[in-house]
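K.L.:
Pasting a predicted model and its sequence here:
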Amino acid sequence: SSHPFKSLMCFTLMSCVVSVTSVASPHPTIRPGFPVPVNTNNPGVRKAARFGVYRYNNSSNDLFLFKESEIKKAMVQIVRGLKYMLHVEIRRTMCEKRDHSSLDSCHFQREKNLQRMLRCYFEVWITPWTHKVYIPVAHC
């Protein structure tokens, strides 16, 4: 079903700009809790994906850290903050967990037998004013 939202661009977590287009109603209202698609290159989406990866790495038994390789699909809900629903591909890096490396400096695994890719679904709920991040769902 079509809905009136064309795009939601969050330049920072505090300021979200919603551009609304609608054929049915000249004055559509933003309904809290209504998920809208958001660009996968959006900085808020990328930050949320990284939080999902942190959650995965903290719970995995792998010797190596994983990192997001591609954000396939992103939705966001405005509900007491921003709740991101993300479909993300993550890949094993060359960084070992025990080294506590920054993921930004971790390169993907080059050795064929060590390469691994997982498809994940993350729900990441960010409340900017409390600086809290809650990740209720991380399925890989």
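P.N.:
Everything's here; your move.
K.L.:
in what helix or strand does the residue nearest the centre of the chain lie?
P.N.:
The centroid of the chain falls nearest to residue 49 when counting by CA atoms, centre = their mean (3.0 Å). Secondary structure from DSSP states H and E places residue 49 in helix 43-59.
K.L.:
Next: residue 125.
P.N.:
strand 117-127.
K.L.:
as a whole number, average confidence for that strand?
P.N.:
Taken as a whole, strand 117-127 has a mean pLDDT of 97.
K.L.:
Give the partner strands of it in its sheet and their orientations.
P.N.:
Strand pairing for strand 117-127, using DSSP bridges, gives strand 82-96 (antiparallel), strand 132-139 (antiparallel).
K.L.:
May I have it as PDB, with CA atoms only?
P.N.:
Coordinates of each C-alpha in strand 117-127 appear next as PDB, following Å, rounded to 0.1, in the frame of the first residue of the first chain:
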ATOM      1  CA  MET A 117      29.000 -13.000   5.400                       C
ATOM      2  CA  LEU A 118      25.800 -12.900   7.500                       C
ATOM      3  CA  ARG A 119      22.500 -11.300   6.700                       C
ATOM      4  CA  CYS A 120      21.100  -9.500   9.800                       C
ATOM      5  CA  TYR A 121      18.000  -7.700  10.900                       C
ATOM      6  CA  PHE A 122      18.500  -5.100  13.500                       C
ATOM      7  CA  GLU A 123      16.100  -2.900  15.400                       C
ATOM      8  CA  VAL A 124      17.900   0.000  16.900                       C
ATOM      9  CA  TRP A 125      16.000   2.500  19.100                       C
ATOM     10  CA  ILE A 126      17.900   5.800  19.700                       C
ATOM     11  CA  THR A 127      16.600   8.500  22.100                       C
END
